Structures are given as C-alpha cells and as structure tokens.
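**Student:** Pasting the sequence and the predicted coordinates here, then a few questions.
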Amino acid sequence: MSKTGMIYSARCERIVSSGVVYGGNSAGNIRRDKAYRLNQILLSLIEDEIEFSFRTQHCLNSAGMKLIGQLVQKTEAEFLTLKNFGKRSLNEIKDVLADMRLTLEMSLDFPPWNGDGDGPMLIQVLSMQCVGGGFNMDKDLMRSIGVDLRTLYKKATELNLTKEKDNQLLFNTAYLLQLLETKFEQGRPYLADLIQRHKRWLQKELKRVSP
C-alpha cells in the first residue's frame with residue numbers, strides 16, 4: 001500500500017464506519033454525517049492529496065478532473081476514451097482509490113454532487129483550487145458567478161495589490177474566499193477547514209509581497 005493510500009485508508013475508514021450523529025440517531029442524520037465527512041475528501045484537489053504518475057495526472061488535468069469527487073464518479077470506459085490514457089493509468093487510479101476505501105462509479109447522491117441548488121457552482125469554484133493554495137479564475141467561472149474585471153481590481157485595491165499578473169492569483173483567491181464564506185459556507189460545515197487553509201495561504205502570500 002502506498003504512503004498516500006495508508007493515510008487515506010485510515011481516514012476513509014473512519015468516514016465509512018462513522019457512528020457520530022448530530023441531532024438524534026435517525027438514519028437520515030447518520031447519512032448526513034457520513035456525507036459531511038466524505039465531502040471533506042471529495043472536495044479536495046486531487047494533486048494536493050494523491051501522488052499519481054505524471055502521465056496519469058496530466059490526463060486528468062487535460063480532462064478537467066480536478067477534485068477527488070469528480071474522479072470517483074467516472075467509469076472505466078470514460079477514462080479509456082481520454083487521450084494518452086491507457087489501462088496502466090486506469091489500474092493506477094483503481095489501486096489508489098482502493099487504498100482510500102473509494103472506487104470508481106460512485107453514486108454521490110448528496111449535496112453538492114447531486115446537482116441540487118447551487119451545488120454545481122460550488123464544485124466549479126472549488127475546481128479552481130491551485131496546488132499548494134490559492135484559487136485561479138477562468139472566464140467560465142467569472143460568467144457563472146457574475147464577476148467582472150472591475151470587481152476584481154477593486155479587490156486588488158483593497159489588498160494594496162497592483163494589477164500585475166503576478167498578483168492576480170492573490171486577489172482572485174481573496175474574492176473567491178469571500179464568496180465561499182458568504183454564499184456557500186452556511187449549512188456546509190465541511191467547507192470550514194478548506195476555507196481556513198486557503199486563508200492562511202493568502203495571508204502568508206500577502207505578507208511576502210507587501211512593501
């Protein structure tokens with residue numbers, strides 16, 4: 001078992017066998033609690049949590065699969081249609097997921113994966129996470145959340161940043177963290193750790209670039 005698999009095997013075992021219940025011990029509460037704990041993994045960036053081979057990771061990036069939750073919903077047939085993706089990469093993914101107590105073709109019939117409400121937008125935002133910390137923002141996301149360059153440059157001014165390309169990641173991150181806190185975090189406690197991790201990264205980077 002790989003080092004990554006050993007870490008996640010223990011972590012996921014706690015999730016799938018969790019008996020912690022909030023607000024009573026009904027079957028519904030148990031399902032919600034398991035979904036909450038599972039989402040902490042599913043909404044994580046693949047490259048931050050799993051060490052795939054370069055070829056496999058490159059194929060996933062090219063296909064727009066950024067989050068672990070996007071990975072586990074795919075079928076073997078879908079993977080094998082990807083350019084330069086073969087059975088060796090498929091077996092690599094299956095082995096790592098098995099170590100994590102996850103599989104392909106998982107049915108994620110709970111928010112935000114089931115398509116209800118603003119779940120798809122949340123997944124779109126979290127797909128913009130960068131390895132190590134921070135958020136990018138592409139034109140599709142900007143259209144989806146209704147933000148324009150003037151709004152982003154205003155955020156840059158608030159942070160005492162210039163509009164230079166090197167600083168764009170920082171004010172994009174600041175804007176999306178504010179969006180996550182105001183629009184998405186309420187009722188989704190599994191986002192708290194993710195948001196705090198990126199906030200710590202942002203504060204560290206702001207100190208680094210400050211005059």
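**Tutor:** Structure received. It should be emphasised that the depicted structure is a prediction, and the values quoted were computed from it without experimental measurement.

**Student:** domains for the chain, by residue range?
**Tutor:** For the chain, the structural domains run 3-99, 119-209, going by automatic domain parsing.

**Student:** any idea which of those domains scores lowest on pLDDT?
**Tutor:** Comparing mean pLDDT across the domains of the chain, the weakest is domain 3-99, with a mean of 78.

**Student:** Break down this protein into its helices, ranges please.
**Tutor:** 3-16, 27-42, 46-49, 54-62, 68-72, 76-80, 87-99, 119-126, 139-145, 149-158, 165-179, 192-209 (DSSP state H).

**Student:** count of residues packed around Glu164?
**Tutor:** Glu164 is flanked by 9 other residues according to other CB atoms under 10 Å. Yep, even glycine has a C-beta here, placed from its N, CA and C like the rest.

**Student:** returning to what we had before: any chance of the helices of the chain in TSV, with distance to Glu185 and mean neighbour count too?
**Tutor:** Below are the helices of the chain laid out as TSV (distance: least, CB to CB, whole Å; neighbours: other CB atoms under 10 Å):
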stretch	distance to Glu185	mean neighbour count
helix 3-16	21	15
helix 27-42	13	17
helix 46-49	20	17
helix 54-62	27	16
helix 68-72	18	22
helix 76-80	31	14
helix 87-99	28	16
helix 119-126	10	18
helix 139-145	15	13
helix 149-158	18	14
helix 165-179	10	19
helix 192-209	6	14
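
**Student:** re the thing from before, turn the domains of the chain into TSV, including distance to Ser107.
**Tutor:** Below are those laid out as TSV (distance: least, CB to CB, whole Å):
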stretch	distance to Ser107
domain 3-99	8
domain 119-209	15
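
**Student:** wait, which of those domains is closest to Phe110?
**Tutor:** domain 3-99 (4.1 Å; CB to CB).
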